[in-house]
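my questions are about this predicted structure, shown below with the sequence.
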Amino acid sequence: GRQMDGEVELVVSAVSGAGAPLRLKREFRIAGGGDQPISMRLALPGARRWEPWRFGEQAMYRAEMAVEVSGAESSRVEDAFGFRDLKWDIGPRRWSLSVNDRPMFLRGACYAPSHRMDELTAEQFAADLRLAKETNLDALRVIANVLPRDFYRLADEAGMLLLQELPLLGTYAYQARADDARFFETTAKEMQAEMVELLRNHPSIAVWIAHDDPPWLPDNADMGDVHVVRQNHSIDQDLKAGFEALDPTRPALPATGETDVHLRLGWEEGTWKDVIDTEPLIVTAFGAQSLPSIGSPVWDDIGDRFPVADDEPSWRYAGFQPVNWAERGVGLPSAHPSLDEYVRASQNYHALLVRVTAEHMRTRKFEPCWGAFVFHLIDPFPAIGWGLLDGARQKKDAPLAALAEAFRPTRVIIDPLSAEPDRPSGVIQRPDKAFSARIVVVNDDPRVAGAGSVRWSVTRERGVGLRGVSRIKDAAQRKSFSGSAQCEVPTAFEPAIHATTASLALQAEGEYVLEATLLMAGEEIDHTELRFSVTANVMPARLRPELPHYLADRLADLRSLQGEKDGLSLVLENKTRPAVLTTMTGLRLDGTLLTRHEIQIETHAGRAPLPRRLDLALGRRVRVYVVTGEALAPGAHTLEADVSVAGVGSGRLLIEGQVPAEAPSAL
């Protein structure tokens with residue numbers, strides 16, 4: 001082929017148009033059929049840094065490169081970029097991240113805007129980013145996807161930091177053959193290289209993440225063999241090293257849920273009160289499900305008829321998790337008189353959990369917590385989901401407002417130390433316990449710092465109906481308290497401060513409100529309140545909902561109950577996937593709770609106690625013995641048990657059987 005002579009011109013200019021463009025030209029000569037790498041370096045005196053939106057402006061620059069051959073332009077490429085510095089120290093039991101030498105607590109949300117990527121538009125991305133800023137978010141975690149280029153351009157312009165994940169979610173390469181494992185690893189690395197090359201110039205991207213919630217995480221130990229097999233772990237570690245080689249200017253994580261925490265308290269386990277006892281490094285998912293608002297187009301997909309069955313198929317298809325709703329949420333549909341009331345109750349609980357979690361993480365700012373990401377900003381499909389906006393982008397007002405308040409730049413926070421959860425979404429205080437609440441001040445606004453004061457008050461707004469002596473005793477009890485404390489409001493780059501603790505004896509039952517106000521130079525900076533009930537009444541424990549029959553039938557032989565000389569037995573038979581039984585409690589025989597019993601399993605060496613984690617191999621039958629010390633009486637019997645099989649399901653399992661009159665035996 002013939003030789004080609006030409007010229008390459010590089011032009012760098014501010015996107016804003018400020019200042020004169022910088023130009024650099026270089027001639028080249030390439031032999032026919034060859035190629036020639038050309039690198040060009042220039043200095044930008046006075047270049048301005050790109051800042052996260054809470055700290056300043058988003059200075060962006062454009063680089064244009066054109067190739068000219070024989071006086072005519074042959075090709076042209078361009079890209080936008082920004083100048084900003086990241087410093088980090090991330091590893092086991094440590095996390096810190098600074099942007100332009102400023103440490104940042106990341107107020108964030110998980111972001112998966114739609115399962116239909118082809119329907120997303122630049123206008124939707126711009127609206128989502130505006131909403132995020134209005135909700136006081138400064139970071140988004142892009143979950144297991146690479147979004148259209150418009151999103152990253154708009155995130156740069158908005159000053160929104162991004163945690164960017166590869167499109168890897170859950171389990172891959174489980175017990176894969178060598179050639180399949182190589183194919184997956186090669187494909188993942190190719191995808192990684194393409195993603196880094198596509199997005200490396202965007203200053204909004206702060207962290208690379210290889211894999212979302214892989215099976216090898218400690219929290220996924222209940223997945224049994226899927227957790228133990230290390231193929232996913234090895235690939236994810238290789239991908240982390242790949243990020244570090246391709247782009248050493250950003251931190252890289254092998255997975256979410258390793259150094260960071262997916263906090264399930266209040267929805268999958270525990271209660272909102274348990275959140276106050278946690279001290280994670282950073283929380284990359286927290287929240288609860290709630291119903292879409294009345295009138296949302298999402299109901300056109302789900303169906304808004306009410307009442308519905310507690311395991312209504314259309315609701316299950318939309319993501320409804322009946323066990324979580326029954327045990328920790330606001331209950332199942334049958335517990336509510338109308339859809340309107342159910343929607344309101346669910347969104348109120350969602351709001352409570354979001355607020356408590358977001359505010360508590362801020363009280364631990366930098367000591368040790370560096371961020372909190374609600375799961376998630378928008379439901380990606382017409383769902384009964386975790387989004388602050390539903391799949392039709394209709395707001396869930398209560399949880400959205402709760403997060404916006406919890407993430408106010410300067411915030412006074414009440415940590416209720418002595419209070420307890422009250423279903424469905426309340427807070428209660430026992431009159432025989434001292435009331436205690438910690439009041440904390442946190443600040444992320446670089447314009448605010450200095451001397452301040454916190455004023456607080458506790459007031460009973462409504463009493464309980466009492467008569468006779470009880471009414472006289474109630475009248476004599478004190479029902480109003482107040483106090484104040486001087487404090488030094490921290491800078492935006494310092495941890496939160498403990499302003500004061502309100503410790504009181506609240507013996508008069510009724511509805512109370514604790515209010516706290518932060519003042520600086522006589523001006524109110526922030527105000528918050530906590531509503532709670534003082535009561536001696538204890539709500540009974542909720543029964544878990546029954547497992548759907550189709551799932552129960554794939555976990556056990558539902559007609560396997562039989563009598564034994566020392567009690568009874570049943571058969572578990574897993575027909576789903578390799579799994580682990582983690583819970584078998586709350587046994588009821590014919591409706592009566594069994595209070596004294598031992599659970600054993602059949603092994604090759606005879607009976608053995610039920611282990612804390614029982615591997616349920618696919619297709620294997622396991623006989624479980626319930627030792628009560630007494631033989632079953634003749635007749636029909638039903639055993640109920642609360643079971644949890646990680647990753648498969650949880651709820652009440654019902655096993656039936658018939659004991660003949662002549663002797664205990666199997667059906």
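That came in fine, so what should we check first? Please read these numbers as outputs of a predicted model, since none were measured by experiment.

test my guess that G108 contacts F375.
No. G108 is beyond contact range of F375, at 10.2 Å (criterion: Cβ atoms under 8 Å). Quick note: C-beta positions are derived from backbone N, CA and C, even for glycine.

who's more crowded, those two?
More crowded of G108 and F375, by other Cβ atoms under 10 Å: G108, with 27 against 24.

assign a three-state SS to that one, would you?
With DSSP: H, G, I helix; E, B strand; the rest coil as the basis, G108 sits in strand.

how close does it sit to V538?
Taking Cβ to Cβ, to the nearest Å as the measure, G108 falls 37 Å from V538.

from T410, how far off is Y111?
Y111 sits 25 Å away from T410, going by Cβ to Cβ.

the two: which has the busier surroundings?
Neighbour count, other Cβ under 10 Å: between Y111 and T410, Y111 has more, with 27 against 20.

quick one: the more buried one and P380 touch, right?
No. Applying Cβ under 8 Å, one finds Y111 not in contact with P380, separated by 9.3 Å.

who's in contact with the helix or strand where L568 lies?
In this assignment (DSSP states H and E), L568 forms part of strand 567-573. For strand 567-573, the external contacting residues (Cβ atoms under 8 Å, 6 or more residues apart in numbering) are 555-557, 560-562, 581, 589, 597, 616, 619-632, 637, 639, 655, 657.

return a ChimeraX selection command for the buried portion of these.
Those of the contacts of strand 567-573 that count as buried under 16 or more other Cβ atoms under 10 Å are selected in ChimeraX with:
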select :555,556,557,560,561,562,581,589,616,622,623,624,625,626,627,628,632,637,639,655,657
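
just the contacts of strand 567-573: which are in strands?
562, 581, 589, 616, 621-627, 637, 639, 655, 657 (DSSP state E).

all helices of this protein, in order?
Ranges of helices within the chain are 122-134, 149-158, 178-199, 225-228, 231-246, 272-275, 298-302, 313-317, 322-327, 339-363, 397-406, 468-476, 549-552, based on DSSP state H.

by contact count, what packs against the first one?
Helices and strands in packing contact with helix 122-134 are listed as helix 149-158; criterion 3 or more Cβ pairs under 8 Å, 6 or more residues apart in numbering; DSSP states H and E.

and R423, what pLDDT?
As predicted, R423 sits at a pLDDT of 77.

these two touch, right, T256 and V207?
No. At 10.0 Å, T256 does not count as touching V207 under the criterion of Cβ under 8 Å.

so between the two, which is more surrounded?
T256 (28 against 23).

what pLDDT does the more buried one get?
The model reports T256 with a pLDDT of 92.

just R328 next, same as before
Looking at R328, the pLDDT reads 89.

what's the answer for L543, then?
67.

any idea which helix or strand in this protein has the lowest mean pLDDT?
The least trusted helix or strand in the chain, going by mean pLDDT, DSSP states H and E, turns out to be helix 468-476, with a mean of 63.

neighbours of the nearest residue to K396 once chain neighbours are set aside, how many?
Excluding the flanking residues, the one nearest K396 by Cβ to Cβ, 6 or more residues apart in numbering is Q347, at 5.1 Å. Neighbours of Q347 under the rule other Cβ under 10 Å: 25.

same thing with the one 10 residues further on?
A count of nearby residues for T357, using other Cβ under 10 Å, gives 25.

hang on, it packs against W272?
Yes. At 7.4 Å, T357 and W272 qualify as touching, with contact defined as Cβ under 8 Å.

any residues in contact with both of those two?
Shared contacts of T357 and W272, defined by Cβ under 8 Å, 6+ apart, are found at 265-266.

which strand runs longest in this structure?
strand 450-463.

and that one, which residues are buried?
Of the residues in strand 450-463, 452-458, 460, 463 count as buried by neighbour count, 16+ other Cβ under 10 Å.

now render the residues you listed as a markdown table, adding distance to W386.
Shown next, in a markdown table, are the buried residues of strand 450-463 (distance: Cβ to Cβ, whole Å):
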| residue | distance to W386 |
| --- | --- |
| G452 | 35 |
| S453 | 38 |
| V454 | 33 |
| R455 | 36 |
| W456 | 33 |
| S457 | 35 |
| V458 | 33 |
| R460 | 35 |
| G463 | 38 |
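
show me the domain layout of this protein.
4-81, 87-165+260-406, 410-534, 549-659 (automatic domain parsing).

quick one, which of those gets closest to Y174.
domain 549-659 (8.7 Å; Cβ to Cβ).

what about that closest one, average pLDDT?
Throughout domain 549-659, pLDDT has a mean value of 91.

that domain: end-to-end distance?
Domain 549-659 has an end-to-end distance of 23 Å (Cα to Cα, to the nearest Å).

let me see the contact set for the nearest residue to E656 once chain neighbours are set aside.
Nearest residue to E656, sequence neighbours excluded (Cβ to Cβ, 6+ apart): T638, at 5.2 Å. Contacts for T638 (Cβ under 8 Å, 6+ apart) come out as 561, 589-591, 654-656.

got CSV for the buried residues of strand 450-463, with distance to I143 and pLDDT too?
Below are these laid out as CSV (distance: Cβ to Cβ, whole Å; pLDDT from 0 to 100):
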residue, distance to I143, pLDDT
G452, 38, 97
S453, 42, 97
V454, 38, 98
R455, 41, 98
W456, 39, 98
S457, 42, 97
V458, 41, 96
R460, 45, 93
G463, 48, 82
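
which two in the residues you listed are spaced the farthest apart?
By the measure Cβ to Cβ, G452 and G463 form the most distant pair in these, at 34.4 Å.

give me the below-cutoff pLDDT ranges for the stretch 351-500 of the chain.
Within the stretch 351-500 of the chain, the segments meeting pLDDT under 70 span 465-476, 478.

sketch out the low-pLDDT regions of the stretch 1-150 of the chain for me.
Applying pLDDT under 70 to the stretch 1-150 of the chain flags residues 1.
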